[in-house]
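[1] here's a sequence, model it:
(chains A and B)
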There are 2 protein chains.
Amino acid sequence: MSARRRKFYGWGYADEGATPEEIRLLEQTLAARFGITSFDVTPAPRAEEITLRAPRLEVPAGLKDIVSTAHLDRLEHCYGQMFVDVARMFARSCPNPPDAIAFPRNEQEVTDALAWCDEAGAVAIPYGGGTSVVAGVEPPQADRIVSIDLRHLDRVLEVDAVSQAARIQGGVLGKELEAQLKPHGFTLRHYMQSFELSSLGGWIATRSGGHYATLYTHIDDQVESLRVVTPAGTLESRRLPGSGAGPSPDRMFIGSEGILGIITEAWMRVRKRPSFRASTTVRFKNFYAGADAVRAISQAGLYPANCRLLQAEEAAYTGPADKDAAVVVLSFESADHPVDAWMQRALELAAEHGGSWDAEALLNQGSHRAGAAGEWRDKFVRMPYLSEHMVARGIAATTFESAITWDRFKDFHSNVMDATRRAIKRATGREGSLTCRFTHLYPDGPAPYFTLTCPLDKAKMLQQFWDIKHVALQALVANGGTITHHHAVGRLHRPYYDQQRPELFAKALRAAKRALDPKGMLNPGVLIDPDRSEPAAK
Amino acid sequence: MSARRRKFYGWGYADEGATPEEIRLLEQTLAARFGITSFDVTPAPRAEEITLRAPRLEVPAGLKDIVSTAHLDRLEHCYGQMFVDVARMFARSCPNPPDAIAFPRNEQEVTDALAWCDEAGAVAIPYGGGTSVVAGVEPPQADRIVSIDLRHLDRVLEVDAVSQAARIQGGVLGKELEAQLKPHGFTLRHYMQSFELSSLGGWIATRSGGHYATLYTHIDDQVESLRVVTPAGTLESRRLPGSGAGPSPDRMFIGSEGILGIITEAWMRVRKRPSFRASTTVRFKNFYAGADAVRAISQAGLYPANCRLLQAEEAAYTGPADKDAAVVVLSFESADHPVDAWMQRALELAAEHGGSWDAEALLNQGSHRAGAAGEWRDKFVRMPYLSEHMVARGIAATTFESAITWDRFKDFHSNVMDATRRAIKRATGREGSLTCRFTHLYPDGPAPYFTLTCPLDKAKMLQQFWDIKHVALQALVANGGTITHHHAVGRLHRPYYDQQRPELFAKALRAAKRALDPKGMLNPGVLIDPDRSEPAAK
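    Numbers count the residues shown, from 1 in each chain, chains lettered A, B, ... in the order given. Presented below is the predicted three-dimensional model:
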């Protein structure tokens, strides 16, 4: 049903992937890091190698145009893009596929699809770009399962150049969204690693984190209003630049992960494309010295576009750096004015905390992104293409992220690192690699992002992986952090989310869900448990 | 029960008020504006002139220390501070007073007070500083009514200087809060006209708007975590600088106006006291030219601390200005760096839109606030002290505010002004005075704030007032705005809020309330209707 097929077992489209040179470099890096002398490469799965349970639903005649039970469509909607998802595909294992996939072409058909799920007693899984790394699009055990794929709701419908806002459909993917805004001179500037393949509705439903390291970090702040289809009807909030009228309706749906409704449209705040840029890379003697510097910058009211602190080992992975140094990728940008004064003050603060940088590399680059920051970003967006090649070689690769106040950061960081390293050793008998960077910064604390890579025993790969990952996730919440800064909760983080969020909030959220989704058909088990024992609201 | 008595019929404490000179200037201004030759001054009410219904509740022995049924305590908790509240006090009319006032001294006593309300079948009205201008603290008709006054929860409990955050009790008033933060070198910098007498918990419950005209406008963004006592138990959210884990629990309580629980504590983001300031006043040929200029500034990413556009007539009221000009009070401030580059760029944008300013008046004032901005602010905070003197003279004085996207702003402004002016003329036969300023600015639109002053016929003062006010409020929502940008909904705005917020959101909010407050005892009728027909959640 799509012009261009996505790869069902890994990142990207079926007709693309990592280049042979990228794969060669990956093997070289893994060999050097883990002392691997040869790789046992599991071949990528072919669709016909995987048997799916027969569909347990009849598609009504009226929906034949928009509902598919085709093998490849169902295969494509079994999993998201986390390590375990790719690993299960490489294991040719999809025991719980959706029975059917709906591809509504407009909002009325979203309503129709939900009505059908209601009649058929099916659970409905809202599906945007399918890039969840937290099992957010993976169906639960249920008698009948329908994924509702929003890919055809892919248009920027209206641009209000005066207010700098655009009305955009929920299913549009990041790259296509930007292509449609560009002729108007605007950008949403919400980039993340999954940008090419993830959707606006998915970003809003999961509170995704974007390009900016400070200030406008989450999509939350860019939402002006929403349209949401729920089983109880369709809701539209008012376009307002600000309001103090009751709890924000939008904030109830932002982060609701498909349990309350399906986001079909949003008015989003956009901005002019930046024409002034300055960026550089500042070195620090170690990670904590760098952390003190970025804390000072984040509390100074300068709002850099990027201010990512990378641990020495991680910086080395993406470019040359001292083995002992930590690095801050620092940049400012504006569509309105040169940003020299901003950069100058940020560098003064960096210097006060022992930072050093190459003055010649400090460029006011105008509209072109270049230098270390650009190079880092280019490599960053290519990484997902390597995940299937890691899986094929039995190498675990996963990330987990959090946020924590500055006063607790150092203990948090060292406890999470220690617990995770011990878990790697215990599970695999090896050291593995665990690094940390800051993806986002707030005046009251950083968002640390951990990257874990380690060779597993292919025979018990999934068990080893879970033994490590669950220790890491538990360490995040046990040490006071959030279970997720921008990857969402999904099914993966649910046990840790339950520890973090106040139980009375869960109670209120269950009640709100019951009001909008009385049968509990939308994404059951995500955020809260199905609660059929409680009576439906009128 | 309080060391210093508040004035029960107007603004401030019983032992203070407008100076004779301020009253003389007020009369002079009113005389000049409305051609009034002599004033009929109703004397301020004395407590013994007002008869209250006998308390309909017995105070249990265990609560005698914290519950009062004293005449003056009950009188003080009848109304907020809107024009009609003062006018009803001047009419010696309080037909629906609370039966008792609880003054809990700690969180456990808040719980005890709610438990008593539950047992006694009383509705509970959370009460902070009592400065609501939307009937937010006024009891509804009910068999038994208890106001829960948080004045003894008045401490900054903890300061985290590293993360720049402080744990603060919900009942502390603004002035006292700042006095407690000051020794630590920090400030919340959340100033508004009611600052001296309104409370942190009240600000959070009503999404108040503070000092900053851009960026951090509402209290919402300064909340790091909350503690809330609900009839179903006590809830605490986790201290996090940012999170993507489900819908924000805090955002459900921010703006909940006391219907879900009582905010007893919050971790708030604070900041260092500013040491660099620049401010000036820019003149424009008219209001719309000024609006275009501040739109450009708000979309430039400069984030001025103040950028208030004042209509000519209003500017003239608070200082000398051309009769035809509009004025922008523009200021930048920082605790970290000189703000010259920021101010310079903002003035370039102002100049591009025809703005002019006195270069000599452009001061980099360091830590001292001075010049036009300071003068304007000093007069601004004195205004509430005049309200009783307006009422005594039969002069209506009220404000209403909204927010609207830039593309619709001019139509919105002219429709609201026209409808309200016609209503003044229709109700009173006179012109009255109606002015507009922007209190807050967003890249996608302004928050217009309207000030209405007009002489009424004392014999039918309240009816005339309502005939005007309801037309104005209806014009806000009918023209696409929000019913309130930062005054909250309360009982006054409820019919307009109902038009604005999606009905399905109300349904979800009712369900959430039922989960936390099964008997509907907290502030019934605020935001949503009591909903006893629906079964309680477990």
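
[2] now for chain A, the helix or strand with the poorest mean pLDDT.
    The helix or strand of chain A with the poorest confidence is strand A:363-364; it has a mean of 50 (mean pLDDT, DSSP states H and E).

[3] ok, for residue A:283, nearest residue in space, not its chain neighbours?
    Spatial nearest neighbour of residue A:283, chain neighbours left out: residue A:325 (4.6 Å); criterion: CB to CB, 6 or more residues apart in numbering or on different chains. Using the backbone N, CA and C atoms, a C-beta is placed for each residue, glycine as well.

[4] shaky segments in the stretch 1-150 of chain A?
    Applying pLDDT under 70 to the stretch 1-150 of chain A flags residues A:1-2.

[5] from chain B, how far out is residue A:431?
    When distance is defined by CB to the nearest CB, to the nearest Å, residue A:431 is 30 Å away from chain B.

[6] give me the pLDDT for that residue.
    Note for residue A:431: predicted pLDDT of 92.

[7] check residue A:496 too.
    With respect to pLDDT, residue A:496 scores 98.

[8] and for the one 4 residues further on?
    What the model reports for residue A:500 is a pLDDT of 97.

[9] hang on, it packs against residue A:477?
    Yes - using CB atoms under 8 Å as the test, residue A:500 is close enough to residue A:477 to be in contact (5.3 Å).

[10] what touches both of the two?
    Common contacts of residue A:500 and residue A:477, defined by CB atoms under 8 Å, 6 or more residues apart in numbering or on different chains, comprise residue A:483.

[11] what mean pLDDT does the biggest helix by length in chain A have?
    Identified as the longest helix of chain A according to DSSP state H is helix A:406-428. Averaging pLDDT along helix A:406-428 gives 98.

[12] next SSE after it?
    strand A:433-442 (DSSP states H and E).

[13] can you give me the buried ones in stretch A:94-104?
    If you call a residue buried by 16 or more other CB atoms under 10 Å in any protein chain shown, then stretch A:94-104 has these buried ones: A:94, A:97, A:98, A:99, A:100, A:101, A:102, A:103, A:104.

[14] actually stretch A:464-479, not the one I wrote
    Using 16+ other CB under 10 Å as the burial criterion, the residues of stretch A:464-479 that qualify are A:464, A:465, A:468, A:469, A:471, A:472, A:473, A:474, A:475, A:476, A:477, A:479.

[15] following whichever helix or strand residue A:348 is part of in sequence, what is the next regular element?
    Using DSSP H and E, residue A:348 maps to helix A:340-352. Next along the chain after helix A:340-352, taking DSSP H and E as the criterion, comes strand A:356-357.

[16] ok, and what's touching that next one?
    Contacts to strand A:356-357, defined as CB under 8 Å, 6+ apart, come from residues A:280, A:281, A:282, A:283, A:347, A:350.

[17] ok, residue A:97 - contacts?
    Residues near residue A:97 by CB under 8 Å, 6+ apart: A:52, A:53, A:74, A:75, A:77, A:78, A:139, A:145.

[18] what helix or strand does it sit in?
    Using DSSP H and E, residue A:97 sits in no helix or strand.

[19] hang on, the earlier thing: would you turn the buried residues of stretch A:94-104 into TSV with secondary structure?
    As requested, the buried residues of stretch A:94-104 are arranged in TSV below (DSSP: H, G, I helix; E, B strand; the rest coil):
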residue	secondary structure
A:94	coil
A:97	coil
A:98	coil
A:99	coil
A:100	strand
A:101	strand
A:102	strand
A:103	coil
A:104	coil
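
[20] just curious, which of these is nearest to residue A:389?
    Distance ranking of those against residue A:389, using CB to CB, places residue A:94 first at 20.6 Å.

[21] grab the nearest non-local neighbour of the closest one.
    Residue A:94 sits nearest to residue A:78 (CB to CB, 6+ apart), 4.6 Å away.

[22] any buried residues in stretch A:210-229, and which?
    A:210-220, A:222-229.

[23] just give me how far it sits from the chain centre.
    Remark: stretch A:210-229 is offset 13 Å from the chain centroid, using CA atoms, centre = their mean, to the nearest Å.

[24] rewinding a little: in the helix holding residue A:348, what's buried?
    Of the residues in helix A:340-352, A:341, A:342, A:343, A:345, A:346, A:347, A:349, A:350 count as buried by neighbour count, 16+ other CB under 10 Å.

[25] quick one: residue A:449 is in a strand?
    Yes - residue state for residue A:449 (three-state DSSP) corresponds to a strand.

[26] how near is the residue nearest to residue A:94 to residue A:391?
    According to CB to CB, to the nearest Å, residue A:78 stands 15 Å off from residue A:391.

[27] settle it for me: which of the two has more neighbours?
    residue A:391 (27 against 24; other CB atoms under 10 Å in any protein chain shown).

[28] how about that one, what does it touch?
    By CB under 8 Å, 6+ apart, the neighbours of residue A:391 are A:10, A:42, A:83, A:86, A:87, A:90, A:397.

[29] my guess is the first one meets residue A:89, correct?
    If I follow you right, that is residue A:10. Yes - judged on CB under 8 Å, residue A:10 makes contact with residue A:89 at a distance of 7.2 Å.

[30] list the buried residues of stretch A:495-508.
    Under 16+ other CB under 10 Å, the buried positions of stretch A:495-508 are A:496, A:497, A:498, A:500, A:501, A:502, A:504, A:505, A:506, A:507, A:508.

[31] out of these, who's near chain B?
    Among those, the ones lying near chain B by CB under 8 Å from any CB of the partner chain are A:497, A:500, A:501, A:502, A:504, A:505, A:507, A:508.

[32] against chain B, how distant is the residue sitting furthest away from the middle of chain A?
    Most distant residue from the mean C-alpha position of chain A: residue A:61, 36.5 Å away (CA atoms, centre = their mean). Look at residue A:61 and chain B: by CB to the nearest CB, they are 31 Å apart.

[33] noted, bye for now.
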